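*Asks:* Would you be able to build a 3D model of this:
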Amino acid sequence: MSISSNIVAGIPVFTREHYHIWAIKMRFYLRSQGLWNVVATDVDPSPSSANSTLAQIIAHEEEKLKKDKVITCLHSGLANHIFTKIMDLETPKLVWDKLQGEFEGSSRIKTVRILSLKKEIELMKMKDIECVKNYSDRLMDVVNRMRLLGKVIGDQKVIKKMMVSLPQKFEAKIYVIEESCDLNILSIAELTSKLLVQEQMYTKTREAKLEGYADTNLGQEQNSPSDIHCDNKFVNSIAENSVQHGRTKHINVNRVFYRSDTPMIEEDFENLKDNGEWNRCSPNHNTKSVMPQK
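*Replies:* Just a heads-up that it's a prediction; the model follows:
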């Protein structure tokens, strides 16, 4: 299939946002069509001589058409409100430079952006309550934004940043990784995978400890009632919980928040009786703090 018959298929469209991503996609698209050199060099083909063969004349005409093909690609890859900014430009190089200057900024602006993102990476640390995947995504988002601005950042530099910015719970795992892995060939995906395994083990161990603590404490005999603060809706729920009463664990209500459709009034509530009965009241939206009757 000829280049011209497939010229518009799959062209990325730029709508104003994420220019850097669009520029990369468009550059590789033009390369796949054998047209990127037309943008990069902006050189017209040499004129054909009087002694040119028919094949040379055809090749020359095709070279001349390449600029129009690139212009067609660029026009097709721009939303209408962006197209109007460049529609009077005649060559691919002028179109490309115009878009680059407006949406990427000058070299000075790019340098300022890179320095700002570099500072953001330097200050970035994984939070104690943050998961490995979220931190990895957060870090890589900034790294990729710097790469889009032309800053070269190797994976090994990213790996070192991750390893020194993890919480204390990963210290032992980091030591093992440093001793057992060659950091010069370790990939970001491999490091993230190893940290995810450690995170899962830490979570399971923590849950097991909490379950053991809960079992130990809930298994103890309750010699005195528990004091709680609740509203009448929760009071009714407790009263209907037969399992709670079956364990002979009683509850003293120190303060009840009574909800009523009528204007707020004081109501006395009795403590939970051995048979699990409460003086009932309708749960609604108005709330008033009420002390139970002694």
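*Asks:* as a whole number, average confidence for stretch 56-68?
*Replies:* In this model, stretch 56-68 carries a mean pLDDT of 83.
*Asks:* Buried residues, that stretch. List them.
*Replies:* For stretch 56-68, a neighbour-count test (16 or more other Cβ atoms under 10 Å) marks 60, 66-67 as buried. Any C-beta I mention is one placed from the backbone N, CA and C, and that applies to glycine too.
*Asks:* ok, of those, which one's closest to residue 15?
*Replies:* Checking the buried residues of stretch 56-68 against residue 15 by Cβ to Cβ gives residue 67 as the nearest, at 24.9 Å.
*Asks:* For residue 110, give its distance to residue 116.
*Replies:* Using Cβ to Cβ, to the nearest Å, residue 110 is found at 11 Å from residue 116.
*Asks:* hey, where'd the helices end up in this protein?
*Replies:* Counting by DSSP state H, residue ranges of the helices within the chain are 19-32, 36-41, 54-76, 80-86, 92-103, 107-123, 132-148, 155-164, 171-180, 188-218, 232-239, 242-246.
*Asks:* Any idea which of these has the lowest pLDDT on average?
*Replies:* For the helices of the chain, where the average pLDDT is lowest is helix 242-246, sitting at a mean of 46.
*Asks:* Quick one: end-to-end length of stretch 154-170, please.
*Replies:* Using Cα to Cα, to the nearest Å, the end-to-end distance of stretch 154-170 comes to 23 Å.
*Asks:* what does it rub up against?
*Replies:* Stretch 154-170 has contacts (Cβ atoms under 8 Å, 6 or more residues apart in numbering) with 121, 124-128, 135-136, 139-140, 143, 174, 177-178, 183-184, 186-188, 191-192, 195, 198, 202.
*Asks:* Then stretch 119-127?
*Replies:* 132, 135, 138-139, 142-143, 146, 161, 165-167.
*Asks:* could you dump that stretch to CSV, C-alpha only?
*Replies:* The C-alpha trace of stretch 119-127 is given here as CSV (Å, rounded to 0.1, in the frame of the first residue of the first chain):
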residue,chain,number,x,y,z
LYS,A,119,12.9,19.9,43.4
GLU,A,120,9.5,18.1,43.7
ILE,A,121,11.3,14.7,43.3
GLU,A,122,13.9,15.6,45.8
LEU,A,123,11.3,16.4,48.5
MET,A,124,9.1,13.4,47.6
LYS,A,125,8.8,10.6,50.2
MET,A,126,6.5,7.7,50.6
LYS,A,127,3.9,8.3,53.4
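*Asks:* oh, and call the first residue 690 from now on, that's how I've got it
*Replies:* With the count now opening at 690, the last piece we talked about shows up as stretch 808-816.
*Asks:* which of the residues in that stretch are buried?
*Replies:* So for stretch 808-816, counting by 16+ other Cβ under 10 Å, buried means 810, 815.
*Asks:* now do stretch 718-735
*Replies:* Per 16+ other Cβ under 10 Å, stretch 718-735 contains these buried residues: 718-719, 722, 724-725, 727-728.
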